[in-house]
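Asks: Sequence plus predicted model, see below.
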Amino acid sequence: MSNPVEAFIQECKDRVNSYESNEALKDAATAFNTASNKAQYSYNFKWMGRPIIQYPQDMIAMQELIWEIQPDLIIETGIAHGGSLIFYASLLELIGKGEVLGIDIDIREHNRREIEKHPMYKRIKMIQGSSVDEATVNLVREAAAGKGTVLVVLDSNHTHAHVLDELRFYAPLVSLNSYIVVFDTIVENLPNNYIPGMERPWSIGNNPMTAVDAFLAENDQFEINKDIDNKILISVAPRGYLKRIK
């Protein structure tokens, strides 16, 4: 191949594809995913001053998607400290278009205050309410109306029923060749109550990955982008990057 740019791209694709059969690398990644989730590793990072509670590898994957897709609207359920909203908004600011819509059943006042005074707030809107409440969903539908390219990120309540409802409500808003990204599918691969002293309503058999499986069984418009899984290896969203293909 004479074009060095294309040659490098192909070299990367070949290397990533090889990871699927690299058992030593996959075992090492699994061990790190398990140990680091137990140690709450993702809680250590910030983006532009706000806690983001994401793995750096997932952040890079999201950056690659956002640059590729150039979305007009990013919808994220689950706000927490607001770091992800600000991360996505800062990327859209560099692209020069687009806005972020965050949804959370409880936007804590101290977090709202910090988000609203952030320089990237100019590209952010927030809705307080359950992401699966019909009134909330209608507000999101109104916000998405007329937007050319829409990307959805699910990162709120991680029970099977809640995530499956979110997938059913928000998948129709995702534009062709864009994504609905489901975080914390990793729960299926971790021991129950993996964080000592922190019991959660989600567990093995009742989590975002089981919701993804149920959703894909009833919807053929989306497929898992396995190339992302093979590439980043360290992730809280294995099998969670769903591309709309039709």
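Replies: Looks like it arrived, so ask away.
Asks: ok, now how distant is the residue nearest to Ile69 when sequence neighbours are not counted from Ile195?
Replies: The shortest distance from Ile69 to any non-neighbouring residue, by CB to CB, 6 or more residues apart in numbering, is to Ser178 (5.2 Å). Yep, even glycine has a C-beta here, placed from its N, CA and C like the rest. Counting by CB to CB, to the nearest Å, the separation of Ser178 from Ile195 is 32 Å.
Asks: And for Glu116?
Replies: Using CB to CB, one obtains 30 Å as the distance from Glu116 to Ile195.
Asks: what about Ser235, how many residues close to it?
Replies: Ser235 sits with 22 neighbouring residues when counted by other CB atoms under 10 Å.
Asks: what's it in contact with, if anything?
Replies: 33, 55, 57-58, 61, 186, 229 (CB atoms under 8 Å, 6 or more residues apart in numbering).
Asks: Let me know the next secondary structure element after the helix or strand containing Cys12.
Replies: If you go by DSSP states H and E, Cys12 is part of helix 4-19. Next in sequence after helix 4-19, counting helices and strands by DSSP H and E, comes helix 23-38.
Asks: follow-up on the earlier one: which among the contacts of Ser235 gets closest to Gly78?
Replies: Nearest to Gly78 among the contacts of Ser235 is Asp58, at 13.7 Å by CB to CB.
Asks: State the three-state secondary structure for the nearest residue to the closest one once chain neighbours are set aside.
Replies: Among residues not flanking Asp58 along the chain, Ser235 sits closest, at 5.3 Å (CB to CB, 6+ apart). Following DSSP: H, G, I helix; E, B strand; the rest coil, we place Ser235 in the coil state.
Asks: roughly how far apart are Ser235 and Leu139?
Replies: Counting by CB to CB, the gap from Ser235 to Leu139 is 30 Å.
Asks: do the same with Ala24
Replies: Ala24 is 48 Å from Leu139, by CB to CB.
Asks: higher neighbour count, the two?
Replies: Under the neighbour definition other CB under 10 Å, Ala24 and Leu139 were set side by side, and Leu139 has more, 16 against 7.
Asks: That one: which element?
Replies: helix 134-144.
Asks: Skipping adjacent residues, who's closest to Ala143 in space?
Replies: Nearest to Ala143 is Leu101, by CB to CB, 6+ apart, at 5.3 Å.
Asks: Any idea what the one you found is bridged to?
Replies: Ile75, Lys125 (DSSP bridges).
Asks: Who are the contact partners of it?
Replies: Leu101 touches 73-76, 124-127, 140, 143, counting by CB under 8 Å, 6+ apart.
Asks: Taking those, please make a PyMOL selection of just the buried ones.
Replies: Buried residues among the contacts of Leu101 (16 or more other CB atoms under 10 Å), as a PyMOL selection:
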select buried, resi 73+74+75+76+124+126+127+140+143
